[in-house]
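Asks: Pasting the sequence and the predicted coordinates here, then a few questions.
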Amino acid sequence: MADIEAGMVVTDSDSSRRSQDDTATLIPNSGNLEGSSHRATKTTRFKDDDEVVEITLDVQRDSVAIQDVRAVDDGGSAHSGGFDGLSLVSPSSSRGGKLSSKLRQVTNGLKLTNPSKKVPLPQTPAPKVVRKRYDRSKSTTAVALKGMQFVTAKVGNDGWAAVEKRFNHLQVDGMLLRSRFGKCIGMEGSDDFAMQMFDSLARKRGIVKEVLTKEELKEFWEQLSDQGFDNRLQTFFDMVDKNADGRITAEEVKEIIALSASANKLSKIKERADEYTALIMEELDPNNLGYIELEDLEALLLQSPSEAVARSTTTHSSKLSKALSMKLAPSKETSPLRHYWQEFSYFLEENWKRIWVITLWLSICIALFIWKFIQYRNRAVFHIMGYCVATAKGAAETLKFNMALVLLPVCRNTITWIRSKTKVGAVVPFNDNINFHKVIAAGVAVGVALHAGAHLTCDFPLLLHASDAKYEPMKPFFGATRPPNYWWFVKGTAGWTGIAMTWMYIAYPVFLYSCERIVRLFRSHDAVKIQKVAVYPGNVLALYMSKPPGFRYRSGQYIFINCRAVSPYEWHPFSITSAPGDNYLSVHIRTRGDWTSRLRTVFSEACRPPADGESGLLRADLSMGVTDSNARFPKLLIDGPYGAPAQDYREYDVLLLIGLGIGATPLISIVKDVLNHIQRGGSVGGAEPEASGRAKKRPFMTKRAYFYWVTREEGSFEWFRGVMNEVAEKDKGGVIELHNHCSSVYQEGDARSALIVMLQELQHAKKGVDILSGTSVKTHFARPNWRSVFKRVAVNHENQCVGVFYCGEPVLVPQLRQLSADFTHKTNTKFEFHKENF
């Protein structure tokens, strides 16, 4: 360890005696450097190998200033001490490093031991205005105080034992490499951020090597896992303050912005790091001193908590605790019989439409089977073939019914017409049409197995081995001569007549399908006119086109698109993103396969980079007239519209719309339709197809809409930026509530997203614009807490029916379905769940 030589020279002009504080024995970490009421000059010498440096400090009640730093000869007596309460040299620092790094520890140590008193450097600018200390007991700071956590539910929550286990696995010769620090503490996927943490923790302890022992790792871990707000704030500050001078410069702010943006996969924030650095410095350095300090960072964190989050946690709090804490509590019913009965009643309540349709279908199949079975039970053939022939004929009768029905659930035009123009949808679950098609197909398979199996394995062998007396009644059907062998039935009259009679089974479905194709052929004959094209981040192509004559649709429906320049025979379905009241038709297509990739390439060739204020990567606006670019666009054919689960949104007072990624497309159309209704003031005309060919005005039931959009890519928010701005501008009554969630950003409270959260709050407060979406709609980080979302809706809309519409990957369906059922059964708010998987 480097020797420390400490001496003291008193220059107090008011008193010649030394104060007790000035002459006290100096023990590292024994207390604070408070000083006396007198002025004193203190001198300390540092020795490192053959170099000795003397530092003279001017100590007063309110400040400690560095008066002189100079090299001296190695001749003084050594003292193993230091300043009161100040650890000048840590043991770890003696193992290597330059003396200059140790001098910085002294300055940093002075500030840490007495944070209320700054250490002015020679020729420092005018002192900064002292900021007030914020009241942390206020509810508005509750969210902010949870921020900057280095140990979260997903990082290090398994404790030191798990960290130690990972250390034993990752160590090399008993040492942990700096590059493996993040993986060791459980912060995988953020290697740069973890190494920055490593550097700051090592810098504070004077460690300059890029490896750690297990003891040093445990010391690091204890600091990171300390949940005290002051400790977390200081740790984060030390990360930014790379030179450990207690001040964060603009360059250091820029570095941490870029680091946080990289950790959260926010490339646009990284590109605009200079702009956001200036924003932070403008707010926290009003005197243009060129740096910010610890209390400035605390002020930024505590004075601007997310208002949206604060409202969601405080609004209706008494109502929430009164209504939900009781109704959502686990049932204390101990009777198994009562429990199963309750579950059965819930099942009936949620699936009654499916149950009665399946029951009706099964009843018809059973009735047809029994009718034919009894009929053959009373015929002469029964005395030869017995129950085998009755079973075969009963199964054949069910086959006729099921074959006639099997294609009906997949006839899009027929299903769309029925659900749009009749009230049958109130009792028939049209959203389960594909599942019902599969059920009927299973019924066909069972019928074929019973009919063919009974004939081939039972009827034919019995007929071959029948006595002459028993065969006598069969001569009119099989001839005077008994069939010689088994293959006679297969090759002879019975075989080919059986095949010929299949027309009874396929005639109706073929006729129905032919009608569907003819309607589709005539409806998709004329090409639509392309008005506007935009290529967005995330490989999304937006097409805006003219409406074909007589084309009417509902929000939530979809169309098929054909582009002959890509493939003359391929048709692909896409949700409509425009509203029925718009004078154009639009779709947003994400390129995921060969066809969509080629389509994007074809349209991109006629686009240009966006002008100022326009979104997207490439654009082409042809709505003003025909241009050369218009001539280069390929022709599009459309077929539709076709019904989808989301089209039933008008039946509900309250809407809870949930979209994942590109799954937001049908829900955006609903949001726009609700907005158009708000502007018109009550009823919607021209929005739905009617039997008369003219749109009739009908009441609009929706009074409130919540839209939650979860996406991983920050560029996704450009897809519907115009819609969000339009809602913010025109929805004065707050009917539509928009919630954007970027799941690539770590959850609020995580240290990796702490600066992004602060920056977002500052940007929104000053300019009213979100840093991710570029709109006034504030983006939340990480995925929503869906149970909290349902709680909030249930509290705000008691005794109402909420339509829950989900569109996206199937992964979220079980959770949302279960939450809808739970809140329906345990609150007085009813949730009806509808889903559409992309």
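Replies: Nice, thanks for sending it over. This structure is a prediction, so every number in the text was calculated from the model and none was measured.

Asks: Quick test: name the residue nearest the centre of this protein.
Replies: Nearest to the mean C-alpha position of the chain, counting by CA atoms, centre = their mean, stands Val710 at 3.5 Å.

Asks: what pairs with that one across the strands?
Replies: For Val710, the residues forming beta bridges with it (DSSP bridges) are Leu660, His741.

Asks: any weak-confidence spans in the stretch 551-700 of the chain?
Replies: 608-619, 621-632, 681-700 (pLDDT under 70).

Asks: what's the neighbour count on Met701?
Replies: When neighbours are counted by other CB atoms under 10 Å, Met701 registers 14. Glycine gets a C-beta too; all of them are placed from N, C-alpha and C.

Asks: Surely it and Arg650 touch.
Replies: Yes. Under the contact definition of CB atoms under 8 Å, Met701 touches Arg650, with a separation of 5.9 Å.

Asks: shared neighbours of those two, which are they?
Replies: When contacts are counted by CB atoms under 8 Å, 6 or more residues apart in numbering, Met701 and Arg650 have no shared neighbour.

Asks: if we can go back for a sec, ok, the residue nearest to the centre of the chain - contacts?
Replies: Ile658, Gly659, Leu660, Gly661, His741, Ser743, Arg783, Pro784, Gly808.

Asks: can you rerun that using 7 Å?
Replies: Contacts for Val710 (CB atoms under 7 Å, 6 or more residues apart in numbering) come out as Leu660, His741, Ser743, Arg783, Pro784.

Asks: can you pick the most crowded of those residues?
Replies: Neighbour counts for these, by other CB under 10 Å, peak at Leu660, which reaches 23 neighbours.

Asks: ok, that residue touching Val811?
Replies: No. Because the distance of 8.2 Å does not satisfy CB atoms under 7 Å, Leu660 is recorded as not touching Val811.

Asks: Buried by neighbour count: which residues of the strand or helix carrying Arg792 qualify?
Replies: Assigned by DSSP states H and E, Arg792 belongs to helix 786-796. Buried positions in helix 786-796, judged by neighbour count with 16 or more other CB atoms under 10 Å: Val789, Phe790, Lys791, Arg792, Val793, Ala794, Val795, Asn796.

Asks: With stretch 536-554 instead?
Replies: So, applying 16+ other CB under 10 Å, buried residues of stretch 536-554: 536-545, 547-548, 552-554.

Asks: ok, Ser744 - contacts?
Replies: For Ser744, the contacting residues are Asn264, Lys265, Arg712, Glu713, taking CB under 7 Å, 6+ apart as the criterion.

Asks: Which one (most neighbours) among the residues you listed?
Replies: With neighbours defined as other CB under 10 Å, the most crowded of these is Asn264; it has 24 neighbours.

Asks: That one contacts Ala754, correct?
Replies: No. When contacts are counted by CB under 7 Å, Asn264 is not listed as touching Ala754 (10.6 Å).

Asks: what about the strands in the stretch 501-650 of the chain?
Replies: Taking DSSP state E, counting those that start in this stretch as the criterion, the stretch 501-650 of the chain carries its strands at 527-528, 530-536, 540-545, 558-563, 572-575, 585-590, 618-621, 636-642.

Asks: Dump the ones you listed into JSON lines; add distance to Phe347 as well.
Replies: Listed next are the strands of the stretch 501-650 of the chain as JSON lines, based on distance: least, CB to CB, whole Å:
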{"stretch": "strand 527-528", "distance to Phe347": "46"}
{"stretch": "strand 530-536", "distance to Phe347": "43"}
{"stretch": "strand 540-545", "distance to Phe347": "40"}
{"stretch": "strand 558-563", "distance to Phe347": "31"}
{"stretch": "strand 572-575", "distance to Phe347": "31"}
{"stretch": "strand 585-590", "distance to Phe347": "36"}
{"stretch": "strand 618-621", "distance to Phe347": "51"}
{"stretch": "strand 636-642", "distance to Phe347": "30"}
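
Asks: And the ones you listed: which comes nearest Gly206?
Replies: Between Gly206 and those, the tightest spacing by CB to CB is seen for strand 530-536, at 50.3 Å.

Asks: Would you quantify the distance from the nearest residue to Phe382 once chain neighbours are set aside to Tyr387?
Replies: With sequence-adjacent residues excluded and distances taken as CB to CB, 6 or more residues apart in numbering, Phe382 is closest to Tyr376, at 6.0 Å. In this structure, Tyr376 lies at 9 Å from Tyr387, with CB to CB, to the nearest Å as the measure.

Asks: if you count what's nearby, which of the two comes out ahead?
Replies: When neighbours are counted by other CB under 10 Å, Tyr376 and Tyr387 differ, and Tyr376 comes out ahead with 19 against 14.

Asks: that's a helix at that one, yeah?
Replies: Yes. Counting by DSSP: H, G, I helix; E, B strand; the rest coil, one finds Tyr376 located in a helix.

Asks: My guess is it contacts Ile384. True?
Replies: No. With contacts defined as CB under 7 Å, Tyr376 does not count as touching Ile384, sitting 11.5 Å away.

Asks: Ala821: which of the contacts of Ser744 is nearest?
Replies: In terms of CB to CB, no member of the contacts of Ser744 lies closer to Ala821 than Arg712, at 28.1 Å.

Asks: For the closest one, list the residues it contacts.
Replies: Arg712 is in contact with Ser743, Ser744, counting by CB under 7 Å, 6+ apart.

Asks: Alpha carbons of the host helix or strand of Leu738, in PDB - could you do that?
Replies: Secondary-structure element containing Leu738, defined by DSSP H and E: strand 736-742. Output of strand 736-742 as PDB, limited to C-alpha atoms (Å, rounded to 0.1, in the frame of the first residue of the first chain):
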ATOM      1  CA  ILE A 736     -60.700   7.200 -27.500                       C
ATOM      2  CA  GLU A 737     -57.800   6.300 -25.200                       C
ATOM      3  CA  LEU A 738     -54.600   5.300 -26.900                       C
ATOM      4  CA  HIS A 739     -51.800   3.300 -25.300                       C
ATOM      5  CA  ASN A 740     -48.600   2.500 -27.200                       C
ATOM      6  CA  HIS A 741     -46.200   0.000 -25.700                       C
ATOM      7  CA  CYS A 742     -42.700  -0.600 -27.000                       C
END
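
Asks: what comes into contact with that strand?
Replies: Taking contacts as CB under 7 Å, 6+ apart, the residues outside strand 736-742 that touch it are 671, 674-675, 705-711, 714, 717, 724, 727, 772-773, 777, 779-781, 783-784.

Asks: after that strand comes which helix or strand?
Replies: Where DSSP H and E defines the elements, the next helix or strand beyond strand 736-742 is helix 751-767.

Asks: any idea of the angle that next one forms with strand 736-742?
Replies: Computed by axes from the mean of the first three to the mean of the last three CA atoms, to 10 degrees, the angle separating helix 751-767 from strand 736-742 equals 140 degrees.

Asks: Return the distance of helix 751-767 from the chain's centre.
Replies: Relative to its chain's centre, helix 751-767 lies at 19 Å (CA atoms, centre = their mean, to the nearest Å).

Asks: do the same with stretch 181-201
Replies: Relative to its parent chain, stretch 181-201 has a centroid offset of 25 Å by CA atoms, centre = their mean.

Asks: residues of that stretch that come out buried?
Replies: Taking 16+ other CB under 10 Å as the neighbour-count basis, stretch 181-201 is seen to contain the buried residues 181-187, 190-191, 193-201.

Asks: now do the same end-to-end measure for it.
Replies: Stretch 181-201 has an end-to-end distance of 12 Å (CA to CA, to the nearest Å).

Asks: contact partners of it?
Replies: Stretch 181-201 is contacted by residues 155-156, 158, 163, 166-167, 170, 176, 178-179, 220-221, 223-224, 238-239, 259, 262-263, 752 when judged by CB under 7 Å, 6+ apart.
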